[in-house]
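1. structure for this input, please:
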Amino acid sequence: MSDFDLDLGAIEQAIDRDRERRVVLGVLDGETPAEEWVEVVSTGDVLVLSVDGSLADLAAEFAPAVREAGGTVMHFREFLIVAPPGVEVDNSRL
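-> Below is the predicted model of the structure:
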């Protein structure tokens, strides 16, 4: 048996870097299951959601999971910006 060193973590990071990132637009109105929003962010995409209803109620189902995973959830005007870990949301110009 040879001493073959395979660094799966490095391979996974390289694969993730090669994937094109997207900005996904949607409406946060309670019709889309919270799990779908979490899945979009967990794949590395950014969500920009137009809020149609009570932000506190609508975001309560998925915002804590995103934050616990290291992501960012930011309310800007009538939109909710949801970014995965490693994607900075720069609000310094506001």
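2. going by C-alpha atoms from here, please, whenever you check contacts or count neighbours.
-> Will do.
3. now do the SS call for the residue nearest to the spatial centre of the chain.
-> Nearest to the centroid of the C-alpha atoms of the chain, with distances taken as CA atoms, centre = their mean, sits residue 41, at 2.5 Å. Assigned by DSSP: H, G, I helix; E, B strand; the rest coil, the conformation of residue 41 is helix.
4. neighbours of the residue lying closest to it once chain neighbours are set aside, how many?
-> Nearest non-adjacent residue to residue 41, counting by CA to CA, 6 or more residues apart in numbering: residue 84, 5.2 Å away. When neighbours are counted by other CA atoms under 10 Å, residue 84 registers 23.
5. use 735 as the first number for this chain going forward.
-> Got it, the first residue is 735 from now on, which makes the last one we talked about residue 818.
6. so who does residue 818 touch?
-> Going by CA atoms under 8 Å, 6 or more residues apart in numbering, residue 818 touches 775, 776, 778, 779, 780, 800, 804, 805, 806.
7. I figured the last one hits residue 824, correct?
-> This points to residue 806. No: look at residue 806 against residue 824 with CA atoms under 8 Å: they stay out of range, at 10.7 Å.
8. more neighbours, those two?
-> Set residue 806 next to residue 824 and count neighbours by other CA under 10 Å: residue 806 wins out with 21 against 7.
9. show me the contacts for that one.
-> 800, 815, 816, 817, 818, 819, 822, 823.
10. will you turn those into JSON lines that also has secondary structure, pLDDT and distance to residue 791?
-> Putting the contacts of residue 806 into JSON lines (DSSP: H, G, I helix; E, B strand; the rest coil; pLDDT from 0 to 100; distance: CA to CA, whole Å) gives the following:
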{"residue": "800", "secondary structure": "helix", "pLDDT": "95", "distance to residue 791": "15"}
{"residue": "815", "secondary structure": "strand", "pLDDT": "97", "distance to residue 791": "16"}
{"residue": "816", "secondary structure": "strand", "pLDDT": "97", "distance to residue 791": "16"}
{"residue": "817", "secondary structure": "strand", "pLDDT": "96", "distance to residue 791": "19"}
{"residue": "818", "secondary structure": "coil", "pLDDT": "95", "distance to residue 791": "21"}
{"residue": "819", "secondary structure": "coil", "pLDDT": "94", "distance to residue 791": "23"}
{"residue": "822", "secondary structure": "coil", "pLDDT": "91", "distance to residue 791": "25"}
{"residue": "823", "secondary structure": "coil", "pLDDT": "93", "distance to residue 791": "23"}
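11. all good on my end, thank you.
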